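K.L.:
Quick one: sequence plus predicted model below, questions after.
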Amino acid sequence: MARLEAMMRTTISRELVRWTVEVALALALSGVATSAGAIDAPTPPRRPAFQTVPLPEAKPEAGDKPPRVETDSAEDCMANLRAAGVAFEPAQAPAGALDGCAIEAPVRLLSVTVGKQGVALKAKPLLGCAFALQFSDYVKNLLSPLGAGTMGASLVAIDTGSGYECRGRNHDNGAKLSAHAKGLALDIAAFDFSDGRKVGIDAQPDAQSIAYVKALRTAACGWFTTVLGPGSDPYHASHLHFDIERHGSNGSYRICQ
């Protein structure tokens, strides 16, 4: 019975992720079609079967130290990044003042190739390889095709934060360590498109941009365990926060606000 229940949960989880992406795409496209002055944008390609990078295994914490991130070896993870058309540089995380700050297989994410075009990460964020692989999949299979469908232009660059920061949550060093302190999080501020438009998370210039941001935020819950942004709290009023930390007693809980 336990095995059957586990199989049912796995099936339901996969179907939920697929449904989330399809609904997000449909919302974006319908918003564009009904908005005044909407352009006749091409329909984005159908997303391939969803694949996700295994999230770090949830383990009890010892004192203030975070659980160790369990993933593929650094060499395997970086080989997967190269195979996915991701440009990056192996890196070292700087020493931090707080106990527990560390990154498993740190890399600097430079760009993600989508088709024949690269989407640049202008800040070259420092990330754990597992998160870099997950975020790159999100760029390739959601952000870029969704942009083509809603904006009628190619996504060429993303404004992000620095990725790794040795700090507590919400910049409070007395709080629990942030996912940023483990290289498992990234903040997104804006997107640049080939037609010169810049779409900010806190301000969108037109109906297509509004639809784009709404859809990418909804679909992000299929890739990340935490999605925070404007309206979640004052700390995320101007950007989106994505991370892949595990939540809850069994590590399956998601925070999508």
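P.N.:
Looks like it arrived, so ask away.

K.L.:
what's near enough to touch the residue minimising distance to the centre of the chain?
P.N.:
Central residue of the chain (CA atoms, centre = their mean): residue 135, 4.4 Å from the mean position. By CB atoms under 8 Å, 6 or more residues apart in numbering, the residues touching residue 135 are 109, 127, 186, 223, 242. C-beta: built from backbone N, CA, C; applies to glycine.

K.L.:
For beta bridges, what are the partners of the third one?
P.N.:
In this case it means residue 186. residue 242 (DSSP bridges).

K.L.:
Go ahead and confirm it touches residue 127.
P.N.:
Yes - contact criterion CB atoms under 8 Å: residue 186 and residue 127 qualify, at 6.5 Å.

K.L.:
hey, what's in contact with both of the two?
P.N.:
135, 163.

K.L.:
ok, back up a step: so the residue nearest to the centre of the chain lies in a helix, does it not?
P.N.:
Yes - assigned with DSSP: H, G, I helix; E, B strand; the rest coil, residue 135 falls within a helix.

K.L.:
all helices of the protein, in order?
P.N.:
Along the chain, counting by DSSP state H, helices occupy 2-34, 74-83, 129-138, 144-151, 207-219.

K.L.:
Going by mean pLDDT, which of the ones you listed comes out lowest?
P.N.:
Per-stretch mean pLDDT for the helices of the chain is lowest at helix 2-34 (a mean of 47).

K.L.:
ok, the contacts of residue 135 vs residue 232, which is closest?
P.N.:
Set against residue 232, the nearest of those by CB to CB is residue 242 (12.2 Å).

K.L.:
low-confidence ranges in the stretch 151-257 of the chain?
P.N.:
248-251 (pLDDT under 70).

K.L.:
All the strands of it, residue numbers only.
P.N.:
Per DSSP state E, counting those that start in this stretch, the stretch 151-257 of the chain carries strands over the ranges 155-160, 185-193, 198-200, 226-228, 240-243, 255-256.

K.L.:
Run a quick check on residue 148 versus residue 154, I expect a contact.
P.N.:
Yes - using CB under 8 Å, residue 148 is in contact with residue 154, at 6.4 Å.

K.L.:
Which one's more surrounded, those two?
P.N.:
Of the pair residue 148 and residue 154, residue 148 is the one with more neighbours under other CB atoms under 10 Å, namely 21 against 16.

K.L.:
Quick check: the more buried one vs residue 158, distance?
P.N.:
15 Å (CB to CB, to the nearest Å).

K.L.:
check contacts around the closest residue to residue 171 other than its chain neighbours.
P.N.:
Leaving out its chain neighbours, the residue that sits closest to residue 171 by CB to CB, 6 or more residues apart in numbering is residue 235, at 7.7 Å. If you count contacts by CB under 8 Å, 6+ apart, residue 235 has them with 170-171, 228.
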